[in-house]
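my questions concern the predicted model and sequence given below.
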Amino acid sequence: MKPKILVLCTGNSCRSQLAEGYLRHFVNGKADVYSAGIETHGVNPRAIATMKEDGIDISHHTSNNVNEYTNLEFDYVITVCDNAKENCPYFPAKVKVLHHNFPDPAKATGTEEEIRQAFRHVREMIKNYSQEFTNQYFA
């Protein structure tokens, strides 16, 4: 049985979606990857666009609530924002819970280009984190 990874964020619209996309790419079928939010805000179109720039299609992703996954046993839970960490539901002791607080690109302001740059910056941070996670746990 393949390990299961859950990426948890506040609204499952940006950061967790980016991480799900990269983790799926980097684990290359060695694990099942899911993402969810404490709430659901829909997948942010800018998250889809910024991932497409890097050759990863997340347009088929859905925004899910963490409560939808209560029947799954996860091996890893990665919280990608402080709000999700603070409001993370209880997971059994066998689950390895990891945390990294990434900036929320959906809160970026400025010109359209400045907002795109904010998304790209967070995308690169999450890409690097996802690669390091994969190298550590799935190499």
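Okay, I see it.

report the contact partners of residue 59.
Applying C-beta atoms under 8 Å, 6 or more residues apart in numbering to residue 59 gives the contacts 43, 48, 52. Yep, even glycine has a C-beta here, placed from its N, CA and C like the rest.

swap the cut-off to 6 Å and go again
Residues near residue 59 by C-beta atoms under 6 Å, 6 or more residues apart in numbering: residue 48.

do you know the pLDDT at it?
With respect to pLDDT, residue 59 scores 98.

got the phi/psi numbers for it?
The phi and psi torsions at residue 59 (degrees, to the nearest 10) take the values phi -60, psi -20.

lowest-confidence helix or strand of the chain?
Least confident helix or strand of the chain, by mean pLDDT, DSSP states H and E, is helix 82-86 with a mean of 80.

so, low pLDDT: which residues of this protein?
Low-confidence segments of the chain, defined by pLDDT under 70: 90, 92.

what's around residue 84, how many residues?
Neighbour count for residue 84, taken as other C-beta atoms under 10 Å: 26.

which residues in this protein form strands?
With strands called from DSSP state E, the chain shows them at 4-9, 32-37, 76-79, 96-99.

and those, which is most packed in?
Highest mean neighbour count among the strands of the chain (mean count of other C-beta atoms under 10 Å): strand 4-9, with a mean of 26.
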